[in-house]
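1. Provided below are the primary sequence and the corresponding predicted coordinates.
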Amino acid sequence: MSPPAPPGVPGGRGSKGPPARKLLCMCSLSLCLTYLCYSLMGGTGPGALRSPAALPGTAAPGAPRSPAAPPGSAAPGAPGTAAPGAPRSAPSPPSGPAAAAPAPSRASNSSREEAAGAWLRTPLAPGEVITAQSGAFERDPQESSTTDEELSRAGSPGGRGGGGSTTPDYGEKRLPQALIIGVKKGGTRALLEAIRAHPDVRAVGTEPHFFDRNYEKGLEWYRSVMPKTLEGQITMEKTPSYFVTNEAPKRIHSMAKDTKLIVVVRNPVTRAISDYTQTLSKKPEIPTFEVLAFKNRTLGLIDASWSAIRIGIYALHLENWLQYFPLSQILFVSGERLITDPAGEMAKVQDFLGLKRIVTEKHFYFNKTKGFPCLKKPEDSSAPRCLGKSKGRTHPKIDPDVIHRLRKFYKPFNVMFYQMTGQDFEWEQEESDK
Ligand SMILES: Nc1ncnc2c1ncn2[C@@H]1O[C@H](COP(=O)(O)OS(=O)(=O)O)[C@@H](OP(=O)(O)O)[C@H]1O
């Protein structure tokens, strides 16, 4: 059942010690068994759950498939019937028919969000003062196609794609050594902007989407959109759709097998609502979250073919990455802690990247108006920086029963994800979603 163990797979290059290897083997096996269950239960028919390749933002048709996603495989993600308390085993198979409709026709992610400032000028709480803003802008995250024009601007000398505003535009353009690969709506922009405050990091401000949408343009194109770096500086970019793109791990591995990968994860229920909120902001006519989330509301069947739901099955997507990269090369950042303790998460990020801990609590303050941490003004500027209005949107109120169903649905996948990563993100403990 399990695909052969390529580099980085348990038992393969870069695998950890025996207990970790055992655990990862169990996880891989569990996921494969889950695929099988779904296949056997009709998961390969026309209404079957779609493979990650079918997600919006994934690679162009015809791109080679990675070994982690056998053609025709069905993914986990069925009715909200996962057995509670299944911590040491694979997620329970669905008790009803797996149900899903092709994603693209539903709540399409193809629209482009308004151009939004990254750490923008933000209304401040009484008593706070603000006078300028960051130079880094994003054309919408994930949903947008970053245009060539934007990218060339981002990558051009003096363009907006460079790193910290104080870093001169000297040096050479290099391929990135570290990538923020996901997850969509996890807090990826906040993380990128915070790490860009580090003098040894330079990052492209827009999302290049190289390993999913622009791969055919080649590595030289990719290099050309990067900012210039000096010797010793790290080049970075973020494209959250990589995490759910089947071909991305293989492609990144073939660029540089020592690429460091960062994934910002967030409670998948809140993430799904955030994702929906983003789509709703562009397409107010779309059906309600409840309508999209269920294949059959009465039976409580979750529609895992809807990308907003499917992206949150983190264990499924991670499995694909572990075919190519050892766990030690992937950092999982808590999207929740990035808000409650940005300096704490940034310490882990800097350690992981081998950087001196320069971005600390001194760099952040909590902006009461925004309701989020923002970067304090750099020494040479009078501009505190908060993310733009597309970050930290008010979510629509969702029926608590729907939330409950979704929590039940995700629980076994979350537990598996905790086992695979060795980290408990405590999403089950959260009483309410934003
Ligand atoms: N400091 C700070 N300021 C504003 N927003 C913050 C911050 N830290 C994390 N977040 C959360 O980031 C969520 C958006 O995630 P992403 O940047 O990954 O979105 S995207 O995929 O690039 O569209 C966004 O989700 P929503 O609240 O649903 O809008 C925020 O909750």
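-> Received the coordinates, thanks.
2. Next, give phi and psi for residue 372.
-> The phi/psi pair for residue 372 (degrees, to the nearest 10) reads phi -140, psi 160.
3. mind checking which helix or strand the closest residue to it other than its chain neighbours is in?
-> Excluding its sequence neighbours, the residue lying closest to residue 372 (Cβ to Cβ, 6 or more residues apart in numbering) is residue 392, at 5.1 Å. C-betas here are computed from N, CA, C, even on glycine. Counting by DSSP states H and E, no helix or strand carries residue 392.
4. hang on, residue 392 packs against residue 373?
-> No. Checked against Cβ atoms under 8 Å, the pair residue 392 and residue 373 is beyond contact range at 10.4 Å.
5. ok, the two, which is more surrounded?
-> A side-by-side neighbour count of residue 392 and residue 373, using other Cβ atoms under 10 Å, places residue 373 first with 22 against 17.
6. Help me confirm that the more buried one is found in a strand?
-> Yes. Counting by DSSP: H, G, I helix; E, B strand; the rest coil, residue 373 is part of a strand.
7. Spell out which parts of the protein neighbour the ligand.
-> For the chain, the residues in contact with the ligand (Cβ under 6 Å from any ligand atom) are 141-142, 184-190, 240, 274, 277, 338-339, 372-373, 387, 391-393.
8. Let's see which of those residues end up in helices.
-> Filtering the residues of the chain next to the ligand for membership in helices, criterion DSSP state H, returns 188-190, 274, 277, 338-339.
9. now the helices for the chain?
-> Ranges of helices in the chain, per DSSP H, are 18-38, 148-155, 188-195, 219-224, 248-255, 268-282, 289-293, 307-310, 314-321, 335-340, 342-352, 400-421.
10. Residue 212 is nearest to which of these?
-> For residue 212, the closest of those is helix 248-255, at 6.3 Å, according to Cβ to Cβ.
11. buried sites along the closest one?
-> By neighbour count on 16 or more other Cβ atoms under 10 Å, the buried set for helix 248-255 is 248-253.
12. Reformat those residues into CSV and put pLDDT and distance to residue 423 next to each item.
-> Below are these laid out as CSV (pLDDT from 0 to 100; distance: Cβ to Cβ, whole Å):
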residue, pLDDT, distance to residue 423
248, 98, 22
249, 98, 20
250, 98, 25
251, 98, 26
252, 99, 22
253, 98, 23
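13. Residue 352: which of the residues you listed is nearest?
-> Nearest to residue 352 out of the buried residues of helix 248-255 is residue 252 (Cβ to Cβ; 16.3 Å).
14. hang on, isn't that closest one packed against residue 179?
-> Yes. With contact defined as Cβ under 8 Å, residue 252 counts as touching residue 179 (6.8 Å).
15. Contact partners for residue 366?
-> 372-374 (Cβ atoms under 8 Å, 6 or more residues apart in numbering).
16. Was I right to think residue 428 contacts residue 414?
-> Yes. Look at residue 428 against residue 414 with Cβ under 8 Å: they come within range, at 6.8 Å.
17. which of the two has more neighbours?
-> Taking residue 428 and residue 414 together and counting by other Cβ under 10 Å, residue 414 has the greater number of neighbours (26 against 14).
18. OK, contacts around the more buried one?
-> Taking Cβ under 8 Å, 6+ apart as the test, what residue 414 contacts is 268, 314-315, 425, 427-428.
19. What's the ChimeraX syntax to select whichever of these are buried?
-> Under the burial definition 16+ other Cβ under 10 Å, those of the contacts of residue 414 that qualify are selected in ChimeraX by:
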select :268,314,315,425,427
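20. low-scoring stretches of the chain, by residue?
-> Applying pLDDT under 70 to the chain flags residues 1-168, 378-382, 431-434.
21. Nearest residue to residue 211 in space, ignoring adjacent ones along the chain?
-> Using Cβ to Cβ, 6+ apart, the nearest residue to residue 211 is residue 248, at 4.3 Å.
22. Sorry, slip of the keys, the one I care about is residue 358.
-> Spatial nearest neighbour of residue 358, chain neighbours left out: residue 198 (5.3 Å); criterion: Cβ to Cβ, 6+ apart.
23. Neighbours of the one you found, how many?
-> Neighbours of residue 198 under the rule other Cβ under 10 Å: 25.
24. bridging residues for residue 235?
-> For residue 235, the beta-bridge partners under DSSP bridges are residue 202.
25. and the gap between it and the ligand?
-> With distances taken as Cβ to the nearest ligand atom, to the nearest Å, residue 235 is found 19 Å from the ligand.
26. now do residue 427
-> 14 Å.
27. which residues sit in contact with residue 252?
-> By Cβ under 8 Å, 6+ apart, the contact set of residue 252 is 179, 181, 211, 242, 259, 261, 324.
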